[in-house]
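Trainee: need coordinates for the below:
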Amino acid sequence: LWRLKHRRCITDSVVSVVGLVLCLVLVFFVVCVVFFFNDTATTEIYTLSLHDALPILTRARVALLDLGLEQGTVTQEQAVQELERLRFAWRGDRFEFALLQRLGDLYIALQEYRAGLRALRQAASYFPRSDRAQMVAQRMRDVFIDLYLGRAATKLPPLRALAMYEEFKELTPPGARGDKVIASLVDRLVEVDLLGRAAELLTIAATRALDQDDLAAAGTLAQRALDRLEADDPRRPELLLIGCEAFFSAARVRDGESMLDELRRLGADDRRLAAWAESFDGQYIVLNEPERLAEAEPRVAAAADVLAELDDNAGVAKARLVRALILARQGRVGDAEEERDLALFAAREAEDRRRITAVLGAAPLAAVWGPSPVARAGGRCLDIIRLLRITSASPMVEATAMRCQGVLDSMRGRYDHARELIDRAREMVEELGLRQGVLETEMFGGVVEMFAGELSHAEDKLRLAHDGFLDMGAGASAGRAAALLARALLQQDRLDE
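Mentor: Alright, predicted model coming up:
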C-alpha cells in the first residue's frame, strides 16, 4: 500500500480502500476472539495480531493521505491534523522518521514555522544515524535563515522572531552569515524600542562567537551591543572584556583601542577590571609597541597576581599567556615556556576550553622561533595537532601549528610538503575570516620560499604580509615581516632596498 501513493488511477484508490477494509476486518476478528475466549492465551494472540496489523493500517492511512494531497482532495491543514494523530500510532523505525519529516514540511508550507522546526528537530534527534538525518538538519538551517534573511522575514513579527531565535538559536550559522541573522533580529527589536533586549541578545551572540573562535564576529557583536547601552550600564564591563579579547586576539588593534581606553577608566574603581586592562595593555604592546616590552612585563606579572588573589582563573590564564608572549618576544624562551605552563594550569582550573586551546596555540610558535632542534620542534607541532583533534577541535590553533610545521619542513629540505601545509593553513584561516591569520600564513610562506631559494616568490609574500600588518596597526608583526623581507632583498643583492 505504501507504494501505491505514486500511482494516480481509480483502481489504485480502490485497492487502498480494500486494504483498509481487510485491516479493519482483521482487527474486528481479533476483538471477537478475545471477547468469546477471554483467557491468557487468547489475550496474547490478540495482542500479537493487533501489533502486526497496526503498522499496516498506519501505513495505509498515510498512503491514502498522500494520494489525497496529490489529487487535491485533502488540504494541507487536514493532512497535518491526520499526521498529528498518526505520529503516535507507530514509533521507532524509518516510518516514524519519514512521518515527522513530512509533518515538518507541511507545517512550514503553512507558515507554522515553530511547529515545523520542532517536528524536524525530533526527526533528526530521534534518528541521528539515519542516512537522511543530515538532510533534515540542513533543511532546518535553511528555514531558520529564511526567517531572518529571506522572504519569511517580512511576515514574522519582532517578538515572535525573538521567541523563535531563543528556541532554535543553535541553528545560527557561523561567520558573517550568522552576524547578518543577529543584525536582522536586533534591528527588529530596535524598531519596537527593545534596546536592552537587543543588547542582551548581542552579548549572548558575542560570547558564543568568542567560544567558537569566531573573533571577528565576537568583536563586532560586542561593539554593537555597547552602542545600544547607556554609559553607566552595569553590563558594559563584560562586553568590554569580550570585545578586547576578540579584537586583540585577531590583531585588530585600532578596533580594540577605544574599548581598552574605557576598560582602563572603569578599572580606576575596580581591581579586577584594572588587572584585566593591564593584561590587554600588555597584549597591545606585544602587537604594536615592542619597544615597551620591558616596561610591560612586570606590570602584567602583577596583574596575574591580583587576579589570582581574586580567584579569577580565566584572568590569571590571560595574564600569564600575555606575559609568556612578552618573554618570547624578548628572546627569553625558557622563561616563556614556564609562564605558558602556568597559563595552561590556570585555564584548566577555570575549565575554559577556548583559553586552553589559545595557550596550546602558542607552543608551535615557540617551537619555531625558539632554540629547539628542528626534529624536536616539528614533533611538538604534530603533538599539538593530534591533541586538538582528539580533545577539542580549534581550526585557528591547528592552522597555526600547520604553518609552523611548514617552516620546519622547509628547514629539512621538504619544500613541496611545506608548501602544501602552508596552503592548507591559509584555507583554514580564510574560512574563519581571520585576516591576521592570513597575513601570518603569507609571512611563513615567505620563509618557506626563502629556504627553497625562490627569493622573488618570498619577496611577494613577505611584502603582502608587511603591508597588511601595517594597515591593521599591528606594528610588531609588520616589523618582523620587514626584517624577513630585508633578508630576502639582501640575498638578491638589493642592498639599498
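Trainee: from Leu387, how far out is Ala336?
Mentor: 20 Å (CB to CB, to the nearest Å). The way it works is simple: take the backbone N, C-alpha and C, and place the C-beta from them, glycine included.
Trainee: which of these two has more neighbours?
Mentor: More neighbours surround Ala336 than the other of Ala336 and Leu387, with 24 against 15 (other CB atoms under 10 Å).
Trainee: so the more buried one makes contact with Arg320?
Mentor: No: the criterion here is CB atoms under 8 Å, and Ala336 misses it with Arg320 at 10.4 Å.
Trainee: buried ones in stretch 382-402, by neighbour count?
Mentor: Within stretch 382-402, the residues scored as buried using 16 or more other CB atoms under 10 Å are 384-385, 388, 394-402.
Trainee: would you turn these into a markdown table with pLDDT?
Mentor: Listed next are the buried residues of stretch 382-402 as a markdown table, based on pLDDT from 0 to 100:
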| residue | pLDDT |
| --- | --- |
| Ile384 | 77 |
| Ile385 | 75 |
| Leu388 | 68 |
| Ser394 | 73 |
| Pro395 | 79 |
| Met396 | 80 |
| Val397 | 81 |
| Glu398 | 84 |
| Ala399 | 87 |
| Thr400 | 87 |
| Ala401 | 88 |
| Met402 | 89 |
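Trainee: looking at these, which are in helices?
Mentor: When helices are assigned by DSSP state H, the members of the buried residues of stretch 382-402 inside them are 384-385, 388, 395-402.
Trainee: closest to Leu65 out of these?
Mentor: Pro395 (45.7 Å; CB to CB).
Trainee: what sits against that closest one?
Mentor: Pro395 is in contact with 213, 428-429, 431-432, counting by CB atoms under 8 Å, 6 or more residues apart in numbering.
Trainee: taking those, please make a ChimeraX selection of just the buried ones.
Mentor: This is how ChimeraX selects the buried members of the contacts of Pro395, with burial counted by 16+ other CB under 10 Å:
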select :213,428,429,432
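Trainee: I'd like the contacts of Pro395 written out as a markdown table, with distance to Arg197 added.
Mentor: As requested, those are exported to a markdown table (distance: CB to CB, whole Å):
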| residue | distance to Arg197 |
| --- | --- |
| Asp213 | 27 |
| Met428 | 36 |
| Val429 | 34 |
| Glu431 | 32 |
| Leu432 | 29 |
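Trainee: wouldn't Ala79 be in contact with Leu69 here?
Mentor: Yes: under the criterion of CB under 8 Å, Ala79 makes contact with Leu69 at 5.6 Å.
Trainee: more neighbours: which of these two?
Mentor: A direct count of neighbours by other CB under 10 Å for Ala79 and Leu69 places Ala79 higher, at 20 against 17.
Trainee: measure that one to Ala152 for me?
Mentor: Separation of Ala79 from Ala152 (CB to CB): 21 Å.
Trainee: with Pro298 instead?
Mentor: For Pro298, the distance to Ala152 equals 57 Å [CB to CB].
Trainee: repeat that for Gln491.
Mentor: Counting by CB to CB, the gap from Gln491 to Ala152 is 60 Å.
Trainee: ignoring the adjacent residues along the chain, who's closest to Ala350?
Mentor: In space, and not counting its chain neighbours, Ala350 is closest to Asn313: 3.6 Å by CB to CB, 6 or more residues apart in numbering.
Trainee: in contact with that neighbour, which residues?
Mentor: Contacts for Asn313 (CB under 8 Å, 6+ apart) come out as 346-347, 349-350, 352.
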